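Enquirer: from the sequence below, what's the structure:
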Amino acid sequence: MSSMTATETTAKVSQTEQQSKCPVLGPSGPGCPYSKGEKIPGPTAYPLIGSIPHLDLKAPFESMLAIQKQYGPIFQMVFAGKREISVCTRELAHEVCDETRWHKLVTSGVSTLRQVVQDALFTAHHGSRQWGISHRILKPIFGPLSVRSMFDEMSDVAEQLCLKWARHGPDHAIDVAGDYTRLTLDTIALCMMDYRFNSFYRDGQHHPFVKHMVAILSEADIQAMLPDWAGVFRPRAMRKFKKDIQLMTNLCRGMVEARRANPVKRRDFLNAMLQNSDPETGEKLDDEEIVRNLITFLVAGHETTSGMLCFATYYLLKHPETLAKAQKEVDDVVGTGPVTATHLGQLPYLDGVFREALRLMPTAVAFYVTPYKPEMLGGKYLVEPGEAVCLLLDPIHRDRAVYGPDADEWKPERMLQEKFEALPADAWKPFGNGQRICLGMPFTWQESKLAMAMLLQNFDLSMDDPDYKLKIKHLLTIKPEGFNIRAKLRHGRTATDLHGELRQKRAEGREMQLSQDVPLGREQDISILYGSDTGTCEALANRLASHLDGRGFKTTVGTMNSAVGKLPALSVFICGTYHGKPAGNAGKFMEWIEQLQPGDLGRANGGPRYAVLGCGHSDWAKTFYMIPLLLDARLEVAGASRVMPMAKINNAKDDAFEVLDRWTTGLLGAVQDGQGAESTSRAVSITVTKSPEKQPTAPAPPAGFSTATITNTKTLAVHPSTGRVEKGHVEFVLPAGTRYEPGWHVQVMPRNDSATVDRALSRFGLTGDDVVVVSEGGSGLDLPVGVPIHASQLVAGKDLRRAITRPEVLERLAELAADDTTKAALTAIKSALDENPQSLLDILDRFPTTAIPLPLAELLTLLPRMQPRTYSFSSCPTYMAAIDKTQDQQLASLTFSVVDQSASPTRGVGSNFLSSLATNDSIHISVRSGQETSTFRLPSDPLTPVIMVAAGAGIAPFRGFLQQRAELLKQGATLGPAMLFFGCRGAHDDLYRDELESSLADVVTVERAYSRPAAGAGRYVADALVGPRRDELVGLWGRGAVVLVCGTKKLADGVEAALGPALFEADRREGRIGVHVERDAWWDGCVDKGRYVIEVFA
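Expert: Numbers count the residues shown, from 1 in each chain. This is a model prediction of the structure:
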């Protein structure tokens, strides 16, 4: 090798020096593109005053858009001596919304507002400890179910708006921006802090809070564009600014002091700040922090919402054909009755209207980010940490590469659900980005849809000036300026008529009766025996017992193993098949039953009777119903008498509880045949009582369940475009005496939200808080009888959102129908159930009570029972105990995916219930016994290598396993290698990444597969298994590794297809199996030996 020349040495030194100076880690050498980057275009910046001369301070928004049109997708300006870079395309926005590289920057007018509210939610700097505390305390208040519970207060204020417009008459010019400001300010004050500004009763004047707020926002915008020293030359403006801040602060401080002096029992924003502690640190907010957050939500919360309503109204009136569509949708869904929370979910066109309004006129016109380290924006523009990058939303939302050549046109249809979901990431960002996305978005959306629905239902709207041209008024947000409308009551009504309709009182004291046949079993004993690994069969067993207990039977529930050698006289078996084998708590019973000779049971027990309900999944064709069929046949051969043919539940498509309910009817008849059972007709009455002698009985946990208390909740992932929560995490204290291990399952019994309960009861003039008494005849309804209960308990055990799967429900409604038109409509609904699943409440909402006079007691018999949901624990008890040493009982956590109920209103009851929980809430859970025998667990020898494969929330049990490994490591154990292959869509739902890279980093190697990454091609978990890690996996398999898979059936099949051939060939090549062994037989052997274990969820 020749020695290096002097020239080469000099060149190498030069390259090294340049690389050391390069602000971005990247290629070195004379051609390094990172040393300077290209110059960002923009208008000239002048000494001291920067870019201010290029702006019209009376119309800064329009000025910025004019500059953007001149300079294109990216430009820079200078304000207060600092460079500000504006990005104006979806592609650049997508780059800077990557939270692994960029974070929120508080600057411009928002930075000035820190003089008012300091580290409040909206104005806190990135990484603020105080922001984290406030965010964790307040986030549960803005969950979908919590917001839905505020519906009545929202309706209260919206009614005030409607009555004001009605009383002014059809020729009055309405200041839309002013009235929407009154609406949104009063709504947020009433819902969040039980405070009434009464803005509609102030003779056209705004509340003083608004006057001070407008002055502060105007001054903040001016200060944002001026250098810091400019305040010296504006003493009068600065004095007024400070005075306005003090007056607004004093008003909010008075709200806090009033609530402390007169506490109320409400789950609202103010109580959350006064009473709740941060679940992570245990800290509470002090009064000054509470005041700052009150100001933040009153200002930011009402400004953005009123602006959205203004622009939606403007565009609807500017385009009458879309106004007609929106009004028709409201008429079709709501009719002439009151708008309900349920109706709001059935107004997709209104969703499109608001999304399109925010696309064309995002009320918060921009937000700012800055990089963690020097970044080359767009691959060519150097941006240093601390420099402001402004996402200018108007041009981003009108990007023709996303929205096409008609991007500037008003088309709500383009923002309907399917098209909206199909938008590329970060194409629509009116609520901000990532972890700093607007917390109040669900509140804003419900409030706006309710107000607009009520206005469209009751008024014909028109512009006061048909030639009005849109002009923008800019403060913290933007609104139309000088935009007035007129409102004429529809259908010839008067303001007095409207007042009467809005104030209709609910009927009270109604009594509903139902005569029905309730079969009684004369205290017959029935043993219900289950074999269950995942909890489904156990849940069915408990539900069947509850059903039979109310009909005179004496039931005992137990595992099949508990009946070995002592089969009861009358038994019901509910079991499934797990990888071709019985469940762990049924294995011994199956061994015993297979050893019996023909007739053994008949001779020993006088001919016991039995029935079998088998569970299976059609995706597992080879073992479909294998164990239930074998059980049914062996019992008969051994001499037992079959009561009725075996029933089957296909968990791939059947609603298990619906099948159980239908089967139970046949079971009752079969059991009673020849047994002297009687049938009687009982009158069931449900009576409202205004002054009960006793306090209403508190609801008890369902049979087999007990109460756990929530200690912490977290949002793990939100949709990057919509901000909808996609993955969640809850932690709770287990009931006394309850234990678990990593890999175990827990059943959670969801609860209906209050709005859905009221929806079900409103048909009968009831609310969930009414007190009722159920007569003795109602024992078959599984309700307390003869004692006061809240009406909400009537439907507590019913799944009010679940789609109907039983045709006989529709047939019964048709029998009750009062006319042929209603019968025909119900027949049509019945024939379309498969294509258009609907809940019973959905169907009843379409018909008045006079059309289907369904008694309440009968409604309760038709509604499907609430079904517990089964989850894997996502924690290890010893690990959790080390984190929180204050708890005497075991701590546990769950990880779950949240189903979007706007797209699937009949699904996601369990996950949305979990998502709604807050600290100190209670839930009903059941941790079944016998899980010690489960094969889905870590190897008993910690040196055994472990290969784990998961996607999405399937990471749950593996988090528990990794915590268990961390505890073993802490105790000095030597661990074998562990690998986790984890699939997710992208960085936004890369669950528990911080933990996996910190506290759990020493116990696992993680290989991630992003299916929809922000950049580059996507891949799935199966792709990762055959990638660069393939040889490593094969090596671990040769050392005796165990493969654990948790996810969908599709994932499990993909893992088998990707990994199976490689491992099979390795075993054959190394002589671990014979050359004549077929791959299927080898794979079955791996499953039998516990080398390959899967846990599949739907």
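Enquirer: how about the helices in the stretch 801-950 of the chain?
Expert: Taking DSSP state H, counting those that start in this stretch as the test, the helices found in the stretch 801-950 of the chain are 807-816, 820-831, 840-845, 856-862, 877-883, 909-916.
Enquirer: can you list these in JSON lines and add mean neighbour count and mean pLDDT?
Expert: In this view, the C-beta of every residue, glycine as well, is placed from N, C-alpha and C. Converted to JSON lines, those look like this (neighbours: other Cβ atoms under 10 Å; pLDDT from 0 to 100):
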{"stretch": "helix 807-816", "mean neighbour count": "16", "mean pLDDT": "86"}
{"stretch": "helix 820-831", "mean neighbour count": "15", "mean pLDDT": "90"}
{"stretch": "helix 840-845", "mean neighbour count": "21", "mean pLDDT": "89"}
{"stretch": "helix 856-862", "mean neighbour count": "20", "mean pLDDT": "82"}
{"stretch": "helix 877-883", "mean neighbour count": "17", "mean pLDDT": "89"}
{"stretch": "helix 909-916", "mean neighbour count": "22", "mean pLDDT": "90"}
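Enquirer: can you check which of those gets nearest to Glu84?
Expert: Nearest of the helices of the stretch 801-950 of the chain to Glu84, taken as Cβ to Cβ: helix 909-916 at 37.6 Å.
Enquirer: summarise which helices and strands the closest one is packed against.
Expert: Applying 3 or more Cβ pairs under 8 Å, 6 or more residues apart in numbering; DSSP states H and E, one finds that helix 909-916 makes contact with helix 144-148, strand 725-733, strand 745-749, strand 891-897.
Enquirer: who are the packing partners of the third one?
Expert: Looking back up the chat, that one is strand 745-749. strand 869-872, strand 891-897, helix 909-916, strand 922-926.
Enquirer: for Pro837, find the nearest of those.
Expert: helix 909-916 (13.7 Å).
Enquirer: how much space separates the closest residue to Pro807 other than its chain neighbours from Thr861?
Expert: Leaving aside its chain neighbours, Pro807 sits nearest to Lys830 (5.8 Å; criterion: Cβ to Cβ, 6 or more residues apart in numbering). Per Cβ to Cβ, to the nearest Å, Lys830 is found 18 Å from Thr861.
Enquirer: what does Arg806 give?
Expert: In terms of Cβ to Cβ, Arg806 sits 11 Å off from Thr861.
Enquirer: joint contacts of those two?
Expert: Here Arg806 and Thr861 share no contacting residue, scored by Cβ atoms under 8 Å, 6 or more residues apart in numbering.
Enquirer: ok, back up a step: I'd assumed Glu811 was in contact with the residue nearest to Pro807.
Expert: Yes - applying Cβ atoms under 8 Å, one finds Lys830 in contact with Glu811, separated by 7.3 Å.
Enquirer: coming back round to it: contacting residues for the residue nearest to Pro807?
Expert: By Cβ under 8 Å, 6+ apart, Lys830 lies in contact with Pro807, Leu810, Glu811, Ala814.
Enquirer: go through the residues you listed and say which is closest to Gly1074.
Expert: Minimum distance to Gly1074 across the contacts of Lys830 is 54.6 Å, recorded for Pro807 (Cβ to Cβ).
Enquirer: my guess is that closest one meets Ala832, correct?
Expert: No - the criterion here is Cβ under 8 Å, and Pro807 misses it with Ala832 at 11.7 Å.
Enquirer: in the lengthiest strand in the chain, what's buried?
Expert: As assigned by DSSP state E, the longest strand anywhere in the chain is strand 706-718. By 16 or more other Cβ atoms under 10 Å, the buried positions in strand 706-718 come out as Ser706, Ala708, Ile710, Thr711, Asn712, Thr713, Thr715, Leu716, Ala717, Val718.
Enquirer: how about the helices of the stretch 551-700 of the chain, start to end?
Expert: Under the criterion DSSP H, counting those that start in this stretch, the stretch 551-700 of the chain contains helices at 587-595, 600-605, 626-637, 656-672.
Enquirer: equivalent analysis for the stretch 351-500 of the chain, please.
Expert: Under DSSP H, counting those that start in this stretch, the stretch 351-500 of the chain gives helices at 393-397, 400-403, 417-421, 441-458, 495-502.
Enquirer: out of the ones you listed, which is closest to Ile526?
Expert: Checking those against Ile526 by Cβ to Cβ gives helix 441-458 as the closest, at 46.5 Å.
Enquirer: please export the C-alpha coordinates of that closest one as PDB.
Expert: What follows is helix 441-458, C-alpha atoms only, in PDB (Å, rounded to 0.1, in the frame of the first residue of the first chain):
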ATOM      1  CA  MET A 441     -61.700  19.400  20.200                       C
ATOM      2  CA  PRO A 442     -64.500  17.000  21.300                       C
ATOM      3  CA  PHE A 443     -66.100  19.800  23.300                       C
ATOM      4  CA  THR A 444     -65.900  22.200  20.300                       C
ATOM      5  CA  TRP A 445     -67.300  19.600  17.900                       C
ATOM      6  CA  GLN A 446     -70.300  18.700  20.000                       C
ATOM      7  CA  GLU A 447     -71.200  22.300  20.900                       C
ATOM      8  CA  SER A 448     -71.000  23.400  17.200                       C
ATOM      9  CA  LYS A 449     -73.000  20.500  15.800                       C
ATOM     10  CA  LEU A 450     -75.700  21.000  18.400                       C
ATOM     11  CA  ALA A 451     -76.000  24.700  17.800                       C
ATOM     12  CA  MET A 452     -76.000  24.400  14.000                       C
ATOM     13  CA  ALA A 453     -78.600  21.500  14.200                       C
ATOM     14  CA  MET A 454     -80.900  23.600  16.300                       C
ATOM     15  CA  LEU A 455     -80.600  26.700  14.100                       C
ATOM     16  CA  LEU A 456     -81.200  24.700  10.900                       C
ATOM     17  CA  GLN A 457     -84.100  22.900  12.500                       C
ATOM     18  CA  ASN A 458     -85.900  26.100  13.500                       C
END
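Enquirer: elements contacting that helix?
Expert: Judged by 3+ Cβ pairs under 8 Å, 6+ apart, helix 441-458 is in contact with helix 144-148, helix 151-168, helix 176-193, helix 287-318, helix 320-334, helix 341-344, helix 348-360.
Enquirer: I'd assumed Lys588 was in contact with Asn561.
Expert: Yes - assessed by Cβ under 8 Å, Asn561 is found in contact with Lys588 at 4.6 Å.
Enquirer: which one of those two is surrounded by more residues?
Expert: Taking other Cβ atoms under 10 Å, Asn561 and Lys588 do not tie; Asn561 has more neighbours (21 against 18).
Enquirer: which residue, other than its chain neighbours, is closest to Arg259?
Expert: Excluding the flanking residues, the one nearest Arg259 by Cβ to Cβ, 6+ apart is Leu270, at 5.5 Å.
Enquirer: as CSV, the helices of the stretch 801-950 of the chain with distance to Pro338 would be great.
Expert: Converted to CSV, the helices of the stretch 801-950 of the chain look like this (distance: least, Cβ to Cβ, whole Å):
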stretch, distance to Pro338
helix 807-816, 23
helix 820-831, 22
helix 840-845, 12
helix 856-862, 20
helix 877-883, 47
helix 909-916, 24
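Enquirer: of all these, which one is nearest Ile216?
Expert: The minimum distance between Ile216 and the helices of the stretch 801-950 of the chain falls on helix 909-916, with 34.8 Å, by Cβ to Cβ.
Enquirer: how about the strands in the stretch 951-1098 of the chain?
Expert: 978-984, 1005-1010, 1042-1047, 1092-1096 (DSSP state E, counting those that start in this stretch).
Enquirer: test my guess that Ile686 contacts Gly765.
Expert: No - the criterion here is Cβ under 8 Å, and Ile686 misses it with Gly765 at 11.4 Å.
Enquirer: right, I'll call it a day here.
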